[in-house]
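Visitor: Pasting the sequence and the predicted model now:
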Amino acid sequence: MAVITANKEVILSAGSVQSPQLLELSGIGNASILAAAGVEQMVYLPSVGENLQDHVRITTAYQLHPNYTSPNILRFNTTYAAQQLQAWTLGETSWYDEISVGTRVPQFEVLFDDGYLGMKRYPAVGSSLYGKLFFSFIASIQHAAPTSTAEILPKEDGGVVDPELKVYGLSNLRIVDASVISLNPSGHIQTPVCGIAERAAQMITAQWS
Ligand SMILES: Cc1cc2nc3c(=O)[nH]c(=O)nc-3n(C[C@H](O)[C@H](O)[C@H](O)COP(=O)(O)OP(=O)(O)OC[C@H]3O[C@@H](n4cnc5c(N)ncnc54)[C@H](O)[C@@H]3O)c2cc1C
């Protein structure tokens with residue numbers, strides 16, 4: 001095991017799952033959880049790892065009339081699938097493209113992809129629906145977007161970090177990742193995560209320069 005020391009501060013950016021786990025392994029968290037894991041309590045912060053938020057996904061699949069197609073065709077028409085794959089490798093438009101439209105509107109996205117726009121759990125070989133084509137509507141953004149396991153909030157309201165992203169009870173540990181988001185937005189979260197990182201860089205630079 002290597003021990004690396006920091007002269008000024010430590011930045012924890014392991015994501016919404018691993019950041020709270022690393023806090024708990026370091027003795028920062030809920031007393032009962034730490035005790036059950038045999039970890040000595042260093043800082044009592046009961047909200048560490050709590051309040052996980054994520055996007056909900058509801059898919060409704062519709063069987064298409066025979067004169068329409070969908071990317072599900074790649075599942076059973078191997079000749080057509082090979083042609084499409086070759087087109088894709090040549091940089092031509094094909095069903096293997098994953099195209100996003102409406103990129104200026106984070107709440108709306110169309111993905112031309114077998115697993116998204118087609119049917120996610122395609123009927124098994126031998127079933128009466130195998131060989132049929134489907135189109136799916138997906139309610140809500142479908143990406144994994146876990147947040148809020150180390151929220152920016154007042155400590156008494158369940159916060160783990162203060163507005164400067166510093167862990168309550170410590171002066172030299174900041175969290176900079178999606179876990180600090182208090183309310184999961186309805187769109188993609190990568191942009192807010194980048195915003196948090198930019199803001200953190202400003203605060204860190206301001207403190208130490
Ligand atoms: C399948 C999928 C698709 C997604 N698609 C989109 C999308 O299209 N648009 C969008 O905006 N968001 C998307 N997201 C969400 C986005 O990727 C995450 O929200 C974002 O990456 C979170 O950033 P983060 O810095 O909090 O954590 P992460 O990006 O997960 O970074 C954490 C880092 O810490 C490292 N780490 C963890 N534990 C340790 C350890 N003990 N030691 C050293 N390193 C460690 C990890 O390897 C990782 O590199 C998607 C997520 C998934 C899973």
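Guide: On my side now, so go ahead.

Visitor: switch to C-alpha atoms for all contacts and neighbour counts from now on
Guide: Fine.

Visitor: next structured bit after the helix or strand bottoming out on mean pLDDT in the chain?
Guide: The weakest-scoring helix or strand in the chain, judged by mean pLDDT, DSSP states H and E, is strand 134-139 (a mean of 70). Sequence order places strand 173-175 as the next helix or strand after strand 134-139, per DSSP states H and E.

Visitor: Tell me which other helices or strands the helix or strand that comes right after that following strand touches.
Guide: Sequence order places helix 190-208 as the next helix or strand after strand 173-175, per DSSP H and E. Judged by 3 or more CA pairs under 8 Å, 6 or more residues apart in numbering; DSSP states H and E, helix 190-208 is in contact with no other helix or strand.

Visitor: For residue 16, report the pLDDT, please.
Guide: Confidence at residue 16, expressed as pLDDT, is 96.

Visitor: Relative to the ligand, how far out is the nearest residue to it once chain neighbours are set aside?
Guide: Nearest non-adjacent residue to residue 16, counting by CA to CA, 6 or more residues apart in numbering: residue 179, 4.2 Å away. Distance of residue 179 to the ligand, computed by CA to the nearest ligand atom, to the nearest Å: 6 Å.

Visitor: Wait, residue 179 touches residue 19, no?
Guide: Yes: the pair residue 179 / residue 19 is scored as a contact, 7.4 Å apart, by CA atoms under 8 Å.

Visitor: which SSE is residue 16 in?
Guide: Using DSSP H and E, the element containing residue 16 is helix 15-25.

Visitor: pLDDT of the very next helix or strand once past that helix, averaged?
Guide: Remark: after helix 15-25, the chain's next helix or strand is strand 28-29, criterion DSSP H and E. The pLDDT scores in strand 28-29 average 97.

Visitor: Residues contacting the helix or strand just after strand 28-29, please?
Guide: Past strand 28-29, further along toward the C-terminus, the next helix or strand under DSSP H and E is helix 31-36. Contacts with helix 31-36, where a contact means CA atoms under 8 Å, 6 or more residues apart in numbering, come from 24-25, 27, 40-41, 44-46.
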